[in-house]
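Trainee: coords please:
(chains A and B)
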Amino acid sequence: MRHFRLICIMVLLTAVLPLYASHAEADTGEVDIEQMLFGHIGDSYGWHLTQWNGRHISIPLPCIIRSSTGWHVFMSSRIEHGEQYEGLFLAEEGRYEDKIVELLPDGSIVRPFDISITKNVASLMFSALLLIVIVLGTAKWYRRHDASYDGAPGGFAGLMEMMVMMVNDDLIKPSVGEHCYRKYAPYLLTAFFFIFLSNLLGIVPFFPGGANVTGNIAVTMVLALCTFVAVNVFGNKHYWKEILWPDVPLFLKFPIPIMQIIEIFGVISKPFSLMVRLFANIMAGHAMILGLVAVIFVTARLGAVISGSMTLITVVFGVFMDCLELLVAFIQAYVFTMLSAVFIGLSRQEEEKQQTKNI
Amino acid sequence: MNLMLPDSGLIFWMTIIFAIVFFILARFGFPVITGMVEKRNKRIADSLEAARVAEEAVAHLDREKERILSETRSEQERILLESAAERDRIIEEAQLRAMAEAQKIMEDARSAIREEKEAALKEVRHEVAVISLAVAEKILGSELSKDEVRNEYVEKLLDEISSLT
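Mentor: Down below sits the predicted model:
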């Protein structure tokens, strides 16, 4: 009975909401779906919260720019509506669309060195802070208690312990190998929880979540580079021998280094696949949900019946997609960590293992 | 929109933020958790091992107790048997000794009786001799007043007596 009432309310709401939407969009005319989609998926200088009475409400974030005239630090609200600030403004179109550009005296437009605290950077900072608080909060329990006498923690610390040990024992240990996984466990655990938390925050539709952090290629690139460094800098002699002088017939590696080229291509493609996989999965998830939400606004002008029924379908699909995204948030963090662990494990393989395999 | 082009500013910040997060968590976060959990696991394993050892010790003690009990039981049985045998032996011995004692007492009594009897007989004989002498003296008084008859008779009597004794 209670469920039935809830469903009725939801159906009514979905029927009423589009009316508001169509009313709100009436003064701006056509809904710019593309702009909305990419505006949410991409990065921006301010943190757009909502639209109220036709006005955009956003949190201004600091811009830090080094242009040809030196350093400039200002809030993003200064350049919000096409205004110029010390020769800097937001490009409307072209290569640097929606980025801060500088107009040089000779009339050419260049992109200055830009380390602004954008929406994604702010979100990164937030999730980093949250992660530190969560993990150190859990660690505090262990500092306060003697784990060998007080037993296992309960509550949140217990949940965190379960997850940490799940990743540590079931993912990192078997993938990297028993003998040297301890050295890599902190990095892999950090990567897992960083990605997982950022993914989850990305699903939250309002501030301070909602930023497409792990669906941004720069973020995943840095993560993939960290794995690249962990694999190649700490790889052992055997790993490099396998790349530079593998156990294949001589004509395959000398005088034309075919095998070496293939191996080096593999070395690069491994982190590249990590980077693209995480980026594409999360970005696509955001795009799907936003696209579904956009359906409500697109169908708003087609009459109450169509838009109402479409809205209902959209909400059902949206709930489904959000659940799916929760799953994807975990799976992608898991996959990234697992593949990183496997790549690291391959770079730490001992020679003797290989020999026993050959026999 | 260049979704596939990484933004340099974001790379810069991501590197810094991730480095800081990694540094803090790798230093004060995850190793504390995993270390403590490992410590706890080790303690659990140790406790299990200790429990196993204790159980074994208890089982050993049980066996020992069983063994001692059965040993005691057999010992008790043995002692009971032995004591019974001893008792029988002692009783038998006592009986034998009593019998011998009785024999000896009887013997002594018998010999004493015999001696008494002999002494009495001797006395009686002496009395009889004296009486008979006196009687004989009275009877033979007249006859023995003669010296030769008397001497001859005394001699004959003495011979008789010596042959008697």
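Trainee: Identify each buried residue in stretch A:52-64, please.
Mentor: Neighbour-count burial for stretch A:52-64 flags A:58, A:61, A:63-64 (criterion: 16 or more other Cβ atoms under 10 Å in any protein chain shown). All C-beta atoms are positioned from the backbone trio N, CA, C, and that covers glycine.
Trainee: Dump those into JSON lines; add secondary structure, pLDDT and distance to A:M221 as well.
Mentor: Output for these, formatted as JSON lines (DSSP: H, G, I helix; E, B strand; the rest coil; pLDDT from 0 to 100; distance: Cβ to Cβ, whole Å):
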{"residue": "A:S58", "secondary structure": "strand", "pLDDT": "83", "distance to A:M221": "27"}
{"residue": "A:L61", "secondary structure": "coil", "pLDDT": "87", "distance to A:M221": "22"}
{"residue": "A:C63", "secondary structure": "strand", "pLDDT": "87", "distance to A:M221": "22"}
{"residue": "A:I64", "secondary structure": "strand", "pLDDT": "88", "distance to A:M221": "21"}
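Trainee: Out of those residues, which is nearest to chain B?
Mentor: A:I64 (8.1 Å; Cβ to the nearest Cβ).
Trainee: correct me, but the closest one touches A:M75?
Mentor: No. Using Cβ atoms under 8 Å, A:I64 makes no contact with A:M75, being 10.9 Å away.
Trainee: Determine if any part of the helix or strand A:V267 falls within is in contact with chain B.
Mentor: In this assignment (DSSP states H and E), A:V267 forms part of helix A:258-298. Yes. Using Cβ under 8 Å from any Cβ of the partner chain, helix A:258-298 reaches chain B at A:M283.
Trainee: Quick one: name the residues of the stretch 151-300 of chain A near chain B.
Mentor: So far as Cβ under 8 Å from any Cβ goes, the stretch 151-300 of chain A lies against chain B at A:151-152, A:160-161, A:164-165, A:168, A:185-187, A:189-190, A:193-194, A:216-219, A:221-223, A:226, A:283.
Trainee: Roughly how far does the residue nearest to the spatial centre of chain A sit from B:V124?
Mentor: Chain A has A:T214 as the residue nearest its centroid, 0.4 Å off, counting by Cα atoms, centre = their mean. For A:T214, the distance to B:V124 (Cβ to Cβ, to the nearest Å) stands at 151 Å.
Trainee: Same question for A:A128.
Mentor: Distance from A:A128 to B:V124, by Cβ to Cβ: 148 Å.
Trainee: Looking at these two, which one has more neighbours?
Mentor: The residue with more neighbours, out of A:A128 and B:V124, is A:A128; 22 against 11, by other Cβ atoms under 10 Å in any protein chain shown.
Trainee: Surely the more buried one is in a helix?
Mentor: Yes. The assignment for A:A128 by DSSP: H, G, I helix; E, B strand; the rest coil puts it in a helix.
Trainee: ok, it touching B:F23?
Mentor: No. Applying Cβ under 8 Å, one finds A:A128 not in contact with B:F23, separated by 11.3 Å.
Trainee: hang on, the earlier thing: contacts only, for the residue nearest to the centre of chain A.
Mentor: A:195, A:198-199, A:202, A:220, A:278-279, A:282, A:332 (Cβ atoms under 8 Å, 6 or more residues apart in numbering or on different chains).
Trainee: if you look at stretch A:42-57, does any of it touch chain B?
Mentor: Yes. On the criterion Cβ under 8 Å from any Cβ, stretch A:42-57 is in touch with chain B at A:42-43.
Trainee: what's the offset of that stretch from the middle of its chain?
Mentor: 21 Å (Cα atoms, centre = their mean, to the nearest Å).
Trainee: Pass me the low-pLDDT residue ranges in chain B, would you?
Mentor: B:1-2, B:140-145, B:165 (pLDDT under 70).
Trainee: buried set for stretch B:9-22?
Mentor: Buried-residue list, stretch B:9-22, by 16+ other Cβ under 10 Å: B:9-14, B:16-18, B:21-22.
Trainee: Show me which of those is closest to B:E155.
Mentor: B:F22 (160.8 Å; Cβ to Cβ).
Trainee: Quick check: closest non-adjacent residue to that closest one.
Mentor: Distances taken as Cβ to Cβ, 6 or more residues apart in numbering or on different chains place A:T190 nearest to B:F22, at 4.8 Å, with adjacent residues excluded.
Trainee: now for the longest helix seen in chain B, which elements pack on it?
Mentor: Looking across chain B with DSSP state H, the single longest helix is helix B:30-140. Helices and strands touching helix B:30-140, by 3 or more Cβ pairs under 8 Å, 6 or more residues apart in numbering or on different chains; DSSP states H and E, are helix A:119-144, helix A:147-150, helix A:155-165, helix A:181-203.
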